[in-house]
Structure formats: C-alpha cells, structure tokens
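> sequence? don't have it. structure:
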C-alpha cells in the first residue's frame, strides 16, 4: 500500500506543468557506521529519497521499521523524522532532497504520500550511476549543468516509478503466495499439495513454485516438509507421546514415511533427536536467557533487550545478538538452531516465522522466574539440572534471610522507587522478590492499597506531594539506570522538605542499586542474593549512600 501511494504521489507531481513540478535541492553521499549512534534525518518542507550504495541497514520512523539494501530505496515525506542504523559495518547511501518547484506546486500530491515507504527501483545499477553523476556537481546548478542534472533527475524519477509499477504487480502475486504460507502454518497437519496451494494463490503451478522459491529460498514441498518436521521436533521436546501420534499430528499419516523424512531433514532419527542432551543443543533464546543459564544451558543467540537485563554477567559475552526487540530471520536461519525459546507475549505471526526456522518452544512469560526454570526444564528434559539449581537457590535464600532478619524486624517495610526525568515511581513487590519474598519486607501501604483494587499493577507514578504517604516506610531502595543521571535527580529530591521528613531518610535507611537490580530472571535473582550476602552494607542503614 505504501509503495503504490508513494509512486502515485511522485507521478502526480510529474504530471504538473514544468513550473509546478519537482525541484531538486541536493544530492549527497552519506556514510553511517554501525559503531556510531544511529543517523537521523528530518525536514519540514522537503522530501528525501535514500538509495543504498553499499551495506544494509534499517530505517526506523515513528510508525514502522523498513529494510535498506541495494535493491530498495526509502522515500521520506516532509515532517517524518527517520533514524537509520547499519546492520553491521558501514552503510553508504545517496540522499536526494526535492520539493515542489512552486509554493503550491504538487502539494496535494505530497500530502497523499505515506510518511515513509520502501520502493523497488528498476535498474538499480543505472540508478546509482545517475546519482553518482548528480552528486559530482554543487546545487544550485547553472547553465548546462542545471539542464543535465535536471535530465538525470527526471531519469532517476522514471526509474523509481517504473520499478514501483513493476513491483506493485509482483507484490500482488507475492502477497498471494504469502497467504498460502499462512495456510500451510494453519493446516500443515492436513494433506496439502502444490496444485492446491497454486490454486489458492490464483497462479499457475510453475509461476507459483518460482515465486515461492523467491520468497523462501526453497520449493513448496521442501518448505512444507521442513515445517512439519519442526512441529514434530517441538512435540518430541514437550511430550512423551508415541511416534505414530506425533507423525499424524504433524501431517504424516504413515509413521515410517515420517521417520524417513525426519532423518532426511534432520540427519538423525526422531528417537535419537528426543534423547539428545540439552548441553549439546544449539539454542536461540529470544527471552528466558537467565533461566537457561540457571540450567547450565548456554544459548548461542538472543535479543539485545534480553541481554541488557543481564549486563555485567560474564556468561553473556559470547551470546550473539540477532536483533534489538525482534529477531533478524536471516541471521537466525544462518545459525540453524536446534530449538528456539520464545515468550507467549509475542504476536502469533512472529511465532509462525520463528517456527519456519526451527522448532519453537513458547513458554508463559508472566510468571515467577523459578516457575520459568521448571517449565524450561520440563520442555528441554533438564529436570535434574533444575532440581539442583532450585535447591541451591533455596539454600542461598535461607542464608540471606538469616543475615538480614534483624534489619527486617526493625525496619518492617520497604519501598522500591525509581527516579528519572523529574518523575518518581513506586514499583510493585512481585518484580522484586528478593526484597519482599526473600528478605520479608512488607510493601508500603500506598502500594498495598493499589494492589487490593488492581492486583496486576506493575508500578505507580507518584506525585511528589504523595511522598508523605511513605512517611512510615522503614526502608527505601532506589533502582537507577544511569548513575550520573540519578545523582542529579537525587540532588533535587534532597531539597524537598517532605522527602527529608520521611522516617527512612531521617534514619539513613536509603539504599541505591544499579540497573541489574531491576531485572527479573532466575539467574539475576540468585546474583542479587549473592551480592547481599557478600556486601551487607548494601542494605544496612548507614546514611544516604550514592
């Protein structure tokens, strides 16, 4: 949809009289390094087209993420702020800035443009040659330079339009093929043939097979068999059902045919796969990294947001990052994992994409970290490892409870707060089990009252006037992301009279903790107890420590 809108907008401005068409403003070559901060662009009165010379990356707007490579261009409308980051190494791209040549010229068409769209130009190499020639001169141009550059600019727009028109026709067919892939994901346990899939896409079998291979890199039959085998692998991991039942549920009415296909695609029999030890598995954990490490399993890859929760843990140093919040499917495919671990909050479409790469175990996210350990152990056949770790956790919990019991008996209650950007937050106790469930602090009455009316509360934004409601709270624990920023915020808070009158503040029972104390995974909870055992001064009242 965005591609056709973008092409229509450019086409509309080209149909304007010459004095009311598009005027080239600037052509420049931009170099962006993966080691630097993302490169940002935004203009209130002009459009920009970005064409990649080398490398690949991702463009992020306020509404979407778009892929950048040599076969695609990015069109950005006025007022759209865009951030561009290379996937790795360096990204080089041309930026072409233009606007209507008269104040009202083409404005209606510009308003119909999407804020950002990915376009597929015809003849990408020719387009890059045109941009290189256009980039050699300075804008504004004069005389023959201006005429030659204008001709190149028109040629550039023509290539963009031709590619977008061709791409729109191809997109329609590819979308039909994509719908049949979704059909495979829903009906893989039924009998499915290539002829049936081609008919669903309203295409001939040869054209359908060619477009299917273009989308997936494999034939429809290979994709179907691989998808079925991956679903069978999930059942082998999660159940103890007989092979005949697993074969039938995976779309194979004959057990022996299923075993043969399984061995062809996996290199081993279903029974040997089921017996494969967890330590030998190649695991990609999009979430649950801390729980896997608790079981002695070291994932080969994860997401940046999951790894950041365990910063400073030396065990994550060798775990490959394959995306920020979503997995890069190309990198995921290159890893060829035995199993993918994901959380149930991920969209069904994302789970389906993961499942096409490898067997995917989806586990409940919103539960106690110790329960996550048990669920993972059950799924991966690591019950003994789970029992050993859980026993060690229980022992450490007893040691820490005994060490801090005198403090908790005296202070009674504790509030876990966040202070950032002039705002103060009160966190729910279930995300800080070491403070509340292990040590035994009670949450402040303010949070208890909120939880009684809304048990799913995660945190409360407090007005500074509400600090008085923490007057009787025995201990205050601050969790910060950046120490420098926190110190600046805390200095301002310290001048407030109602803060200084709090019991915990007057008696020096205020403690500060770094970002990992906000993490909520099994390995981190054990680490937190180890820190409290090794350094009692973290909580013992001894004045306000920063």
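Yep, that arrived. Everything numeric here is computed off the predicted structure, so don't read it as measured data.
> can you say which helix or strand has the nearest residue to residue 396 once chain neighbours are set aside in it?
Setting aside the residues directly before and after it, residue 396 is nearest to residue 529 in space (Cβ to Cβ, 6 or more residues apart in numbering), at 4.8 Å. All C-beta atoms are positioned from the backbone trio N, CA, C, and that covers glycine. Secondary-structure assignment from DSSP states H and E places residue 529 in helix 522-534.
> how about that helix: buried residues?
Within helix 522-534, the residues scored as buried using 16 or more other Cβ atoms under 10 Å are 522-529, 531-532.
> mind giving me the packing neighbours of it?
Helix 522-534 makes packing contacts with helix 289-294, helix 369-380, helix 383-411 when contacts are defined by 3 or more Cβ pairs under 8 Å, 6 or more residues apart in numbering; DSSP states H and E.
> what mean pLDDT does stretch 483-502 have?
Mean pLDDT, stretch 483-502: 92.
> show residues contacting it.
Residues outside stretch 483-502 that contact it (Cβ atoms under 8 Å, 6 or more residues apart in numbering) are 419-422, 424, 464-465, 467-468, 470-471, 473, 476, 478, 480, 505-506, 512, 514, 544, 546.
> what do you get for stretch 224-234?
The contact list for stretch 224-234 (Cβ under 8 Å, 6+ apart) reads 184-185, 188, 192, 218, 246-247, 249-252, 258, 261-262, 265-266, 270, 273, 338-339, 355-361.
> where exactly do the helices run in the stretch 151-300 of the chain?
Using DSSP state H, counting those that start in this stretch, the helices assigned to the stretch 151-300 of the chain run over residues 194-200, 205-216, 220-238, 243-249, 255-266, 270-275, 289-294.
> oh, that last question was meant for the stretch 301-450 of the chain, not what I typed.
Assigned by DSSP H, counting those that start in this stretch, the helices in the stretch 301-450 of the chain fall at 304-308, 329-335, 348-357, 369-380, 383-411, 433, 445-453.
> can you list these in a markdown table and add mean neighbour count?
Formatted as a markdown table, the helices of the stretch 301-450 of the chain follow (neighbours: other Cβ atoms under 10 Å):
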| stretch | mean neighbour count |
| --- | --- |
| helix 304-308 | 16 |
| helix 329-335 | 15 |
| helix 348-357 | 16 |
| helix 369-380 | 20 |
| helix 383-411 | 15 |
| helix 433 | 17 |
| helix 445-453 | 14 |
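> out of those helices, which comes closest to residue 94?
Among the helices of the stretch 301-450 of the chain, helix 329-335 comes nearest to residue 94, with 24.3 Å by Cβ to Cβ.
> check the secondary structure at residue 52 for me.
Judged by DSSP: H, G, I helix; E, B strand; the rest coil, the three-state class of residue 52 is strand.
> mind listing what the closest residue to it other than its chain neighbours touches?
Spatial nearest neighbour of residue 52, chain neighbours left out: residue 93 (4.7 Å); criterion: Cβ to Cβ, 6+ apart. Residues in contact with residue 93 (Cβ under 8 Å, 6+ apart) are 29-30, 32, 50-53, 68, 84.
> least confident of these?
Lowest pLDDT of these: residue 68, 80.
> can you give me phi and psi for that residue?
The phi and psi torsions at residue 68 (degrees, to the nearest 10) take the values phi -120, psi 130.
> surely it touches residue 52?
Yes - if you go by Cβ atoms under 8 Å, residue 68 and residue 52 touch, sitting 5.3 Å apart.
> what's the overlap in contacts for the two?
Both residue 68 and residue 52 are in contact with 91, 93, where contact means Cβ under 8 Å, 6+ apart.
> hang on, the earlier thing: mean pLDDT lowest where, among the helices and strands packed on helix 522-534?
Confidence, taken as mean pLDDT, is least for helix 369-380 of those (a mean of 90).
> so what does it touch, helix or strand wise?
helix 220-238, helix 289-294, strand 360-363, helix 383-411, helix 522-534.
> quick one: stretch 213-231 to chain centroid distance?
Computed by Cα atoms, centre = their mean, to the nearest Å, the chain-centroid distance of stretch 213-231 equals 25 Å.
> which parts of that stretch are buried?
216, 220, 223-231.
> re earlier: quick check, the residue nearest to residue 52 in a helix?
No - counting by three-state DSSP, residue 93 is not part of a helix but strand.
> partners of it in the sheet?
residue 30, residue 52 (DSSP bridges).
> and it, how far from residue 157?
Residue 93 sits 18 Å away from residue 157, going by Cβ to Cβ, to the nearest Å.
> in a markdown table: the helices and strands packed on helix 369-380, plus distance to residue 124.
Putting the helices and strands packed on helix 369-380 into a markdown table (distance: least, Cβ to Cβ, whole Å) gives the following:
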| stretch | distance to residue 124 |
| --- | --- |
| helix 220-238 | 28 |
| helix 289-294 | 39 |
| strand 360-363 | 35 |
| helix 383-411 | 52 |
| helix 522-534 | 47 |
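> of these, which approaches residue 75 most closely?
For residue 75, the closest of the helices and strands packed on helix 369-380 is helix 220-238, at 32.3 Å, according to Cβ to Cβ.
> quick one: the closest one to helix 205-216, angle?
50 degrees (axes from the mean of the first three to the mean of the last three Cα atoms, to 10 degrees).
> can you check what angle separates helix 220-238 from helix 255-266?
Inter-element angle recorded for helix 220-238 and helix 255-266: 100 degrees (by the same axes, to 10 degrees).
> could you report the pLDDT at the residue sitting nearest the centre point of the chain?
In the chain, the centroid-proximal residue (Cα atoms, centre = their mean) is residue 325; its distance is 1.1 Å. On pLDDT, residue 325 comes in at 86.
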